[in-house]
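> here is my input; please provide its structure:
(chains A, B and C)
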Amino acid sequence: MHGFDASRRHLASEPVNDRPQVGLFVTCLADLFRPSVAFASIKLLEDAGCEVHVPAAQTCCGQPAYNSGDRSSALALASQVVEAFEVFDHVVAPSASCAAMISRHYEALFDDGGWIRRARALAARTHELVAFLTDVLEVPGPASRFAETVTYHDSCSALRELEIREQPRRLLAGVAGLRLEELRESDACCGFGGTFCVKYPDISGEMVKKKVADITATGATTVLSGDLGCLLNIAGRLKREKSHIRARHIAEVLAGTGTPAIGEPAQDE
Amino acid sequence: MTARENILARVREGLAAHPADDLRRARIEERMRARRRGTTPARARGDREALRALFTEMAREAGATVESVSAGEVPQRIAAFLRARNLGPEIRTGNDPFLKGLAWQQAPELAVSRGVADADAATGVSAAAAAAAETGTLVFTSGADNPTTVNFLPETHIAVIPASRIKATYEDAWDLVRRAHPPATLPRTVNFVTGPSRTADIEQTLLMGAHGPRRLHILVVADG
Amino acid sequence: MRPSSTNFRANARAAIANRHLQQVLDQTRTGFVSRRAAAVGRLPEFDRLRDEAKAIKDHTLAHLDLYLEHYEARVHDSGGTVHWAETPQEACAIVVAIAREKGARTITKGKSMVSEEIDLNRHLEDAGLRVVETDLGEYIIQLRGEPPSHIIAPAVHLSKSDVEALFRDRHPDLDPGRALDEPAALVAEARTQLRRDFLTADIGITGANLLIAETGSSVIVTNEGNGDLTQTLPPVHIVITAIEKLVPTFEDAATILRILARSATGQELSVYTTFSTGPRRPGDPDGPEEYHVVLLDNGRSGLLGSEFQDVLRCIRCGACMNHCPVYQVVGGHAYGWVYPGPIGAALDPALIGLREARHLPNASSFCGRCEEVCPMRIPLPKLMRHWREREFEAGIAPRTQRFGVRLWAWFARRPVWYRTAAELAARTLRFLARRRGRLRRLPLAGGWTRHRDLPAPEGRTFQALWRERHKTLRR
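Presented below is the predicted three-dimensional model:
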């Protein structure tokens, strides 16, 4: 077990400085499907004055195992995350779902008093990206431009586990050219739910159809969210319906990265 | 072992409780004696006038009609109410002393009969034991004074309540009922009534008069 | 009621394909949700009341044995009788025995989920009794021979034309020329029909929303007044209820009543809230001569002290299912038993067994709306997860699923292996999607692609790109 104290910022050969040391929790979905979300997150964090590190020993927060009832696998993954990230000032994830897993559910997985303390300490330093930017770093609005009508889907984790609702809207209000149309029942689940969408695909399908109908009704040309699970689900349905509406992660719009939207073909292929 | 013994044993096992734990028993008995209240709605605060106004507003919102009258006017107001709706002058009521003491001779067209209501009774008249202004709720107690069937079987229910019986909250109304009955002898039935009978069971369409009265008319009688 | 929860998948598919049901579900969901929101918005004390209500129930459950004893003694003091039943069969036997002893022929019933749980109507009918449901929604589904699809609005899945057809078919005295196309006419017809039964019934059976230990009272909550006619007119009143309904005092009941109707239908209070204590008093001109309470356990005692104890706080308001996106898609019947929706997912495994109910805790995206609106602050998603854990340990979860999760975890715990596998997956999927940017079909991903395309990955994993970038920087 590591003993650590205030001088815990020994990060290999990195210099110690005054900037907040942030460990980026990439999330398995961003890593596999959309690295540009992680790059956008890093840009936003660096622009806000953080020094961002990406521990190699990270894979998954353990939520799929946890929600499937496999507590032992969830515990093993939680230990891995705690060990890899507790050295940082903050842990930031571009996903409310992963951030909530770490900050709200890790502690209860452990029996050992020492691990419980470590998990609790890590939880206090773990944040979802947008909330971190607005509530912890209190950054002014981003200087990016996105001249479209957009609508925003609140992921259930963001809304109900981390109480994030107003923060993304505040940041989007500062994006030049962006017009936000609120989604009817923006608090309704899109039907992703991790393994739920493949265990009960017909029910999930009906839920995402409703979500897409609500999105279409806003007249928006792009739908944004803070969770890639929701976005892959929604984008997948938009594509199946041959909709022209595009789906992106909010980090991409705030950072002004120009990657093709989710599910779109690359420009040059 | 009887079902009772088995169930209690399993309950105690789950709670890791000992049946002969006198401290526990004393604590729950004290809690029941104390009858501590929870949070009551701030809206149900104010003087008599404010409470009466709140009661009237909430009762109307629940679909009842409400008028303020003096004691002497009650029988005439009842007669007028029935006339205005083309309802017959026959009314069923109990032995309630307050109602009995009213000037029925002032409304000779009313045909007053006393006792339980049967299927034919079209209009029931009863006196409420108390009311809670917080939701415009009337409180009736069973017994010969105000038979329960009078409140439920007829299509039209006319409730008379002296204004001083209108309290702020359910708890205050209940206290009034308890004061009228010796300890540990509640009436068989205490009815909290908020508006006329309704259902939304068919296509969520709200309709009055499912099985209880279709109409609830409340006469608040000035007193004190 | 016989469970058919193992058929959940097929039930759900049928429900989705049922356009009539889908239309009804669409119409009802916004009503319940908006009315509750409006009622809560009007009462600033609502959230504090939820905390107090939770504390009341937690306290009562922590001393349930003593409160049950106290309650029983008060019922006896007021002239009533308490019967204890460990199982549904015992409970039915008690009621049948009372009916036989009284020579009863017709029984009127107020709405009672516990009576559904124990299949009471069927047992009474088998014993030669005629049972008439008096709650309008329950009456309608009784005529149709269906179970309820919602705990407070049992006929919510039917349209007015369904009901018209039903009455025309089953009410012998109904004049064929009479117009029944409006709900008001249907309600009037039901009122006329049921009045006869109210007045001639030998026994009236109700449930109990709450039991008050201090006074030995049972509390029922209705809007129609059917519960009151059921329990006032016949000479015998039987309350069929369960052990977790107790609260210590009237004041405790008042706190809970303040949040019950608001959570259920958005009303300030149900039209009729009735407190009954024992049989008629000497000198009462009406009311039953006998008052019986049947207290059912049926697995509830086993939940005390377990990780599922919180579920016993439920006051059966229905808010959870009204707000549940899964319930809004499949309706109540799909769950296959008495308690549908999130409360069903949390409670049914305890009452009908985990194997029978195994789908219910799984058919949830854990969106959390249920817990958000539950007046008693029951942590429904957490309870469902606990059931999933039990299933995983007991090997009830489907083998492919357990294998898939274990396989994923195996890789995830070995970051080097994981990175290699992820990089391979990213490149492969990208290749398969070629120019299109998405995949319409993918082996082993039928669940996903049935209703959605799979967006293609960008082609490299972030970890691979990050390490390349750093290698370049360091050089």
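> ok, residue C:446 to chain B distance?
38 Å (CB to the nearest CB, to the nearest Å). Placement of C-beta: from N, CA and C, glycine included.
> which ones are touching that residue?
Counting by CB atoms under 8 Å, 6 or more residues apart in numbering or on different chains, residue C:446 makes contact with residue A:201.
> distance of the nearest residue to residue C:149 once chain neighbours are set aside relative to residue A:24?
Counting by CB to CB, 6 or more residues apart in numbering or on different chains, residue C:149 lies nearest to residue C:332, which is 3.3 Å off, once chain neighbours are set aside. Using CB to CB, to the nearest Å, residue C:332 is found at 45 Å from residue A:24.
> ok, the residue nearest to residue C:149 touching residue C:341?
Yes - Residue C:332 is in contact with residue C:341 according to CB atoms under 8 Å; the separation is 7.0 Å.
> and the pLDDT at the residue nearest to residue C:149?
At residue C:332, the model reports a pLDDT of 93.
> OK, now which residue of chain B is nearest to chain A?
residue B:204 (18.6 Å; CB to the nearest CB).
> show me what contacts that residue?
C:27-28, C:31, C:153, C:156.
> farthest pair in those residues?
C:27 and C:153 (12.0 Å; CB to CB).
> higher neighbour count, those two?
Neighbours were counted for residue C:27 and for residue C:153 using other CB atoms under 10 Å in any protein chain shown; residue C:153 has more, 24 against 13.
> which ones are touching that one?
Residue C:153 neighbours (CB under 8 Å, 6+ apart): B:200-201, B:204, C:28, C:137, C:318.
> recalculate using a threshold of 7 Å.
B:201, C:137 (CB atoms under 7 Å, 6 or more residues apart in numbering or on different chains).
> in a helix, it, correct?
No - with DSSP: H, G, I helix; E, B strand; the rest coil as the criterion, residue C:153 is located in coil rather than a helix.
> and the pLDDT for it?
Looking at residue C:153, the pLDDT reads 80.
> next one: it from residue B:204, what distance?
Applying CB to CB to residue C:153 and residue B:204 gives a distance of 8 Å.
> residue numbers of the stretch 1-150 of chain C in contact with chain A?
Contact residues, the stretch 1-150 of chain C versus chain A (CB under 7 Å from any CB of the partner chain): C:12-13, C:16.
> quick one: the helices in the stretch 1-150 of chain A?
Taking DSSP state H, counting those that start in this stretch to define them, one finds helices in the stretch 1-150 of chain A at A:28-33, A:35-47, A:63-67, A:71-85, A:96-100, A:106-109, A:113-124, A:129-131.
> can you give me the angle the fourth one makes with helix A:113-124?
Calculated by axes from the mean of the first three to the mean of the last three CA atoms, to 10 degrees, helix A:71-85 forms an angle of 70 degrees with helix A:113-124.
> quick one: low-confidence parts of the stretch 301-450 of chain C?
Of all residues in the stretch 301-450 of chain C, none has pLDDT under 70.
> burial of the residue of it found nearest chain B, as a residue count?
Here the residue of the stretch 301-450 of chain C nearest chain B is residue C:304; by CB to the nearest CB that distance is 3.0 Å. As a burial measure, residue C:304 scores 23 neighbours (other CB under 10 Å).
> I'd say it and residue C:60 touch.
No - using CB atoms under 7 Å, residue C:304 makes no contact with residue C:60, being 11.2 Å away.
> contacts only, for whichever residue of the stretch 151-269 of chain A sits closest to chain C.
Using CB to the nearest CB, the single residue of the stretch 151-269 of chain A nearest to chain C is residue A:193, 2.5 Å away. Residue A:193 makes contact with C:365-367 under the criterion CB under 7 Å, 6+ apart.
> ok, now which ones touch residue C:57?
C:313, C:376.
> alpha carbons of stretch B:52-69, as PDB, please.
Extracted in PDB, the C-alpha atoms of stretch B:52-69 (Å, rounded to 0.1, in the frame of the first residue of the first chain):
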ATOM      1  CA  ARG B  52     -61.600  29.700   6.700                       C
ATOM      2  CA  ALA B  53     -60.600  31.400   3.400                       C
ATOM      3  CA  LEU B  54     -58.000  28.700   2.700                       C
ATOM      4  CA  PHE B  55     -60.500  25.900   3.500                       C
ATOM      5  CA  THR B  56     -63.000  27.400   1.100                       C
ATOM      6  CA  GLU B  57     -60.500  27.800  -1.700                       C
ATOM      7  CA  MET B  58     -59.100  24.300  -1.400                       C
ATOM      8  CA  ALA B  59     -62.500  22.700  -1.100                       C
ATOM      9  CA  ARG B  60     -63.700  24.500  -4.200                       C
ATOM     10  CA  GLU B  61     -60.600  23.400  -6.000                       C
ATOM     11  CA  ALA B  62     -61.400  19.800  -5.100                       C
ATOM     12  CA  GLY B  63     -64.800  20.200  -6.700                       C
ATOM     13  CA  ALA B  64     -67.100  21.100  -3.800                       C
ATOM     14  CA  THR B  65     -69.300  24.100  -3.700                       C
ATOM     15  CA  VAL B  66     -69.000  26.200  -0.500                       C
ATOM     16  CA  GLU B  67     -71.100  29.000   1.000                       C
ATOM     17  CA  SER B  68     -70.900  30.900   4.300                       C
ATOM     18  CA  VAL B  69     -74.100  31.200   6.200                       C
END
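> report the buried residues of that stretch.
Residues of stretch B:52-69 classed as buried by neighbour count (16 or more other CB atoms under 10 Å in any protein chain shown): B:52, B:54-56, B:58-59, B:62-64, B:66.
> can you list those in TSV and add pLDDT?
Putting these into TSV (pLDDT from 0 to 100) gives the following:
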residue	pLDDT
B:52	97
B:54	98
B:55	98
B:56	98
B:58	98
B:59	98
B:62	96
B:63	96
B:64	97
B:66	98
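> about what we covered before: got the confidence number for the residue of chain B closest to chain A?
74.
> distance-wise, check the residue in chain C positioned nearest to chain B relative to residue B:59.
Nearest residue of chain C to chain B (CB to the nearest CB) works out as residue C:225 at 2.4 Å. Remark: distance between residue C:225 and residue B:59 (CB to CB) = 17 Å.
> try residue B:10
Taken as CB to CB, the span from residue B:10 to residue B:59 is 46 Å.
> please apply the same query to residue A:28.
59 Å.
> likewise residue C:235?
Taken as CB to CB, the span from residue C:235 to residue B:59 is 33 Å.
> same check on residue C:59?
34 Å.
> again, but for residue B:134
Distance from residue B:134 to residue B:59, by CB to CB: 11 Å.
> keeping just the C-alphas, turn the helix or strand bottoming out on mean pLDDT in chain A into CSV.
Least confident helix or strand of chain A, by mean pLDDT, DSSP states H and E, is helix A:196-199 with a mean of 94. Taking Å, rounded to 0.1, in the frame of the first residue of the first chain, the C-alpha atoms of helix A:196-199 are listed here in CSV:
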residue,chain,number,x,y,z
PHE,A,196,-29.2,-2.7,-21.0
CYS,A,197,-29.2,-1.6,-24.7
VAL,A,198,-28.0,-5.0,-25.9
LYS,A,199,-29.8,-7.1,-23.2
